[in-house]
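Asker: Provided below for reference: sequence and predicted model.
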Amino acid sequence: MSVHIGAKPGEIAERVLMPGDPLRAKWIAETYLEDATCYSTVRGMLGFTGRWNGVEVSVQGSGMGMPSASIYAHELINEYGVRSLIRVGSCGALSPDLKLRDVLAANGASTDSNMNRVRFDGLIDYAPVADFGLLRTSVEVAERRGVPMRVGPVLAADAFYTDRPDLYDVLADYGVLAVEMESAALYTIAARFRARALTVLTVSDHIKTGEKTSSADREQTFSQMVEIALDTIIA
Ligand SMILES: O=P(O)(O)O[C@H]1O[C@H](CO)[C@@H](O)[C@H]1O
Ligand SMILES: O=c1cc[nH]c(=O)[nH]1
């Protein structure tokens, strides 16, 4: 057991999908994985291991925001030997040409978080990026599945409710597609410990138009994103 994950050694696969929502993890395990078993209920942050097309895959909830996701990424990699992590999350669209339920892969993540400023002593604006191999595979998988997945940068924000929507407009001008809350930390920690990481997202709401999906939709209906992530992680 690690401090935040209740699995015994060997109970977590080398390949892990990481939704923020632990109940999305449960839905993924029950819907997609063969012989799925729950290995952790610590803090209600559920984790499961099963098989996808015969290959062992785990699904681990990571919570909301970079401090929480960092804990799970760190322990998965360093205490359980995880080598590949794909975040499967929801996001708010910044780009006007994205619509609800569109799927995108984050090739890089800008952030307003202070975590990397502390890490690099405020001297370097580190650029957290996706693993190129996973990103390339996800694009091939999406094409094979006929899903028009966008690839581009996201903002990993500390706050869900922002006081500075004007900054979202500036970021959209610079080609940032969407806002979520974990990818910069995930990409940074994976790079630090030589693991592979990618984020695949589904647009759950549109920041400009105010359209949104329900929390039940966010928990149990973002199937295209999950299927792309599962095919990618076993490739
Ligand atoms: O749907 P998940 O994976 O939790 O991702 C997004 O949803 C949460 C906010 O509602 C944040 O964690 C954000 O990154
Ligand atoms: O972090 C997130 C996730 C979904 N929608 C948002 O606006 N922000």
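Answerer: In hand now; what should we look at? Ligands and ions are numbered 1, 2, ... in the order given.
Asker: interface residues of the chain facing ligand 2?
Answerer: Residues of the chain lying close to ligand 2 (C-beta under 6 Å from any ligand atom) are S90, C91, G92, F160, V179, E180, M181, S204, D205, I207. Just so you know, the C-beta spots here come from the backbone N, C-alpha and C atoms, and that holds for glycine as well.
Asker: rerun at 8 Å
Answerer: 64, 89-92, 157, 160, 178-181, 204-205, 207, 212 (C-beta under 8 Å from any ligand atom).
Asker: Would you show me how to pick out the buried ones of those residues in PyMOL?
Answerer: The following PyMOL command selects only the buried members of the residues of the chain next to ligand 2, with burial defined by 16 or more other C-beta atoms under 10 Å:
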select buried, resi 89+90+91+92+157+178+179+180+181+204+205+207+212
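Asker: Just the closest residue of this structure to ligand 1, please.
Answerer: Relative to ligand 1, the nearest point of the chain is G20 (2.1 Å; C-beta to the nearest ligand atom).
Asker: Double-check that residue against G61; I have them as touching.
Answerer: Yes - counting by C-beta atoms under 8 Å, G20 sits close enough to G61 to count as a contact (7.0 Å).
Asker: all strands for the chain, in order.
Answerer: Taking DSSP state E to define them, one finds strands in the chain at 15-18, 34-40, 47-52, 55-60, 84-93, 103-111, 150-156, 178-180, 196-206.
Asker: okay if I get the ones you listed as TSV plus mean pLDDT?
Answerer: Below are the strands of the chain laid out as TSV (pLDDT from 0 to 100):
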stretch	mean pLDDT
strand 15-18	98
strand 34-40	98
strand 47-52	98
strand 55-60	98
strand 84-93	98
strand 103-111	98
strand 150-156	98
strand 178-180	98
strand 196-206	98
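Asker: Turn those strands into a markdown table, including distance to ligand 1.
Answerer: Supplementary listing: the strands of the chain in a markdown table, determined by distance: least, C-beta to the nearest ligand atom, whole Å:
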| stretch | distance to ligand 1 |
| --- | --- |
| strand 15-18 | 8 |
| strand 34-40 | 17 |
| strand 47-52 | 15 |
| strand 55-60 | 12 |
| strand 84-93 | 3 |
| strand 103-111 | 11 |
| strand 150-156 | 8 |
| strand 178-180 | 4 |
| strand 196-206 | 7 |
